[in-house]
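**Q** Here is the input, now give the coordinates:
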Amino acid sequence: MPAGYFALVLHAHLPFVRHPEHKEFLEEGWFYEALTETYLPLLLAYERMANDGVRFRITMSLTPPLCEMMCDPLLQGRYIQNLDKLEHLAEREAAAWKPETPIGTMARMYLDNFRACRARFEAAGRNIIGGFRALQDAGYLEIITCGATHGMLPLMRTEEAIRAQIEVAKANYRKHFGRDPRGIWLPECAYRPGIETHLKAAGIRFFIMDAHGLLFATPRPKYGVFRPAYAPGGVAAFARDLESAKQVWSREEGYPGDYDYREFYRDLGHDGEQTYVGPYLPSGIRTNLGIKYHRITGQVQLHEKAFYDPRAAREKAASHAGNFLFNRQHQLRYLRDLLGTEPVITSPYDAELFGHWWYEGPQFLEFLYRKMHFDQKDIESTTPAEFLDRFQTHQTLQPAASTWGDKGYFEVWLNGTNDWIYRHLHKAEERMVELARTRPASSGWEERALKQAARELLLAQSSDWAFIMTTGTMAAYAERRTRDHVARFTRLYEEIKAGRIDQGWLADIEGKDTIFQEIDYRVYR
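**A** Residues are numbered from 1 along each chain as shown. Model (predicted):
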């Protein structure tokens, strides 16, 4: 028997951003960037390990908005156009610098990376969901779901709205993965007592929460965060281990801050002359292109950063993977002796950390799981569902309200920058429930309008908009998205009530907000 178990959980999520009304749209770049820097590199790393016979178990959420974007033909085609530009720029850079120079070496590295992404993307028929699904079917991944649009469940007024977020997500998961989900990443890890009743009704076996949600439970957990506990109703809560999280997340002590790793904030999209990089930028707007030539270097100004050395960074990723494994071995041996039972370390992270923010992150994970497979027997990688199958008796308690956001509760999503949205969202919830209850058997244009109303409400509820308003990064866009979806919902509500549906307008917004074609508005009854 191993000393204990390690459950890595990666949360892959982006808000649904799709603007067919524009030839280019800046915020769509979030998706293209994440495909190139996170989702495709992770998929390729998983497949390399599987092909080499490495036993690994990783849990990964692929949220419904992300899945819907991955399978959207418009966005797939635009991603190829994005790769066309990046490859052309990398080719120009490679031609302009000698191969033995630092920039010449890196330009060819980026060109190879872009070509590898294109090859895997095209081999998947431009829909990489199938690659992740195959890894789940083969037993390597446990893919879990999330709220339908990453809605902040504790801040919703009606139980129907909470249930709809979960049930719509479940139906969407079934569409993409051919089975029902066994677990869920609660949006923002946001929990309040009672949510588990909806999870149980949907057949969900476990959810992920932050450490204090379990540590402040009633009664207190006997094993802390190192064993799951059942919330009332029998849904298991797995809580974040703070020690392993600190080694990756901490700005001061975490691995991604190492001086040999690539510097995120120096990018050719900002460094290059406007006349040179302008054709590769969306509408000529300065933004990151993903071609970065510098390393973190140290406590120096951005313009003083030294050139990046891919070989040195790869060696550092291998070293850090070994250090992380060493620390987990000692942690699990200590916990087993202390607790008198087999502990599990649950380590949840945003997937986008690996590759996008921390360029060497996918390398780190591949080194970690290869070392875990070949070099030791103390730790066994697992998934929450696999752990529950193996160990079926756990403490029952009432977890505490919590999130994994700043300060641990709801302030990030409910504060002076964004509190105005909730009176509109709550009113829309109540109206959607009213429509579903009074029109249980609609058809034709009225049914289409009811389905679109449900889509607009779900899109307005995305926690991403409130988060962006708090951070102030793209606040105008987040506010506009909230206002647009609420306005569309309100117009649909009024037209349905009046029995006068503007069919042309409805068809137009159906073509823009295409998410959840399988939706059943009756979920709000």
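
**Q** Which stretches in this protein count as strands?
**A** All strands of the chain, identified by DSSP state E, fall at 4-12, 58-62, 141-146, 183-185, 206-209, 229-231, 235-239, 344-350, 379-381.

**Q** Convert the first one to PDB, retaining C-alpha atoms only.
**A** Meaning strand 4-12. C-alpha atoms of strand 4-12 as PDB (Å, rounded to 0.1, in the frame of the first residue of the first chain):
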ATOM      1  CA  GLY A   4      -1.100   8.000   0.600                       C
ATOM      2  CA  TYR A   5      -2.700   9.500  -2.500                       C
ATOM      3  CA  PHE A   6      -2.300  12.600  -4.600                       C
ATOM      4  CA  ALA A   7      -5.300  14.100  -6.500                       C
ATOM      5  CA  LEU A   8      -4.400  16.900  -8.900                       C
ATOM      6  CA  VAL A   9      -7.500  18.900 -10.000                       C
ATOM      7  CA  LEU A  10      -7.200  21.300 -12.900                       C
ATOM      8  CA  HIS A  11     -10.000  23.800 -13.500                       C
ATOM      9  CA  ALA A  12     -10.200  24.700 -17.300                       C
END
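
**Q** From the contact counts, what lies against that strand?
**A** With contacts defined as 3 or more C-beta pairs under 8 Å, 6 or more residues apart in numbering; DSSP states H and E, strand 4-12 has these neighbours: strand 58-62, helix 310-339, strand 344-350, strand 379-381, helix 384-390. Every C-beta, even on glycine, is put in place using the N, C-alpha and C of the backbone.

**Q** if you compare those, which one is most tucked away?
**A** Each of the helices and strands packed on strand 4-12 was scored by mean neighbour count; the highest is strand 58-62, a mean of 25, by mean count of other C-beta atoms under 10 Å.

**Q** and of the helices and strands packed on strand 4-12, who's closest to G298?
**A** The minimum distance between G298 and the helices and strands packed on strand 4-12 falls on helix 310-339, with 14.2 Å, by C-beta to C-beta.

**Q** what packs against the closest one?
**A** If you count contacts as 3+ C-beta pairs under 8 Å, 6+ apart, helix 310-339 packs onto strand 4-12, helix 102-123, helix 242-249, strand 344-350, helix 361-374, strand 379-381.

**Q** how about 7 Å then?
**A** Other elements packing on helix 310-339 under the criterion 3 or more C-beta pairs under 7 Å, 6 or more residues apart in numbering; DSSP states H and E are strand 4-12, helix 242-249, strand 344-350, helix 361-374, strand 379-381.

**Q** residues near the residue nearest to T145 when sequence neighbours are not counted, how many?
**A** Residue nearest to T145 in three dimensions, not counting chain neighbours: P181, with 4.1 Å by C-beta to C-beta, 6 or more residues apart in numbering. When neighbours are counted by other C-beta atoms under 10 Å, P181 registers 23.

**Q** quick check: domain ranges of this protein?
**A** As assigned by automatic domain parsing, the chain contains the domains 4-71+127-262+308-406, 415-524.

**Q** I379 contacts Q329, doesn't it?
**A** Yes: with contact taken as C-beta atoms under 7 Å, I379 and Q329 are classed as touching, separated by 6.1 Å.

**Q** Let me see the confidence value for the residue nearest to T145.
**A** On the pLDDT scale, P181 is placed at 98.

**Q** ditto for S283
**A** pLDDT, S283: 85.

**Q** Contact partners for it?
**A** 24, 26 (C-beta atoms under 7 Å, 6 or more residues apart in numbering).

**Q** how near is it to Q81?
**A** 13 Å (C-beta to C-beta, to the nearest Å).

**Q** Repeat that for G139.
**A** Distance of G139 to Q81, computed by C-beta to C-beta: 36 Å.

**Q** ditto for L111
**A** To Q81, L111 is 17 Å away according to C-beta to C-beta.

**Q** Run through who's touching the lowest-mean-pLDDT helix or strand in the chain.
**A** Here the helix or strand of the chain ranked lowest by mean pLDDT, DSSP states H and E is helix 242-249, holding a mean of 92. By C-beta under 7 Å, 6+ apart, the residues outside helix 242-249 that reach it are 211, 253-255, 324, 327-328, 331, 345, 347, 349.

**Q** In it, which residues are buried?
**A** When burial is assessed from 16 or more other C-beta atoms under 10 Å, helix 242-249 yields the following buried residues: 244-245, 247-249.

**Q** Specify which member of these is nearest to R48.
**A** Proximity of the buried residues of helix 242-249 to R48 (C-beta to C-beta) peaks at V248, which lies at 21.4 Å.

**Q** ok, how many other residues are close to K305?
**A** Using other C-beta under 10 Å: K305 sits among 20 other residues.

**Q** so it touches H294, yeah?
**A** Yes: applying C-beta under 7 Å as the test, K305 and H294 come out as touching, 3.8 Å apart.

**Q** Now do Q165 against I515, distance only.
**A** 13 Å.

**Q** between these two, which one's more packed in?
**A** Comparing Q165 with I515 by other C-beta under 10 Å, the one with more neighbours is Q165, at 26 against 22.

**Q** count of residues packed around the nearest residue to that one once chain neighbours are set aside?
**A** Distances taken as C-beta to C-beta, 6+ apart place G147 nearest to Q165, at 4.2 Å, with adjacent residues excluded. As a burial measure, G147 scores 29 neighbours (other C-beta under 10 Å).

**Q** Please shift the residue numbers so they start at 28 in all later answers.
**A** Shifting the count to begin at 28 puts that one at G174.
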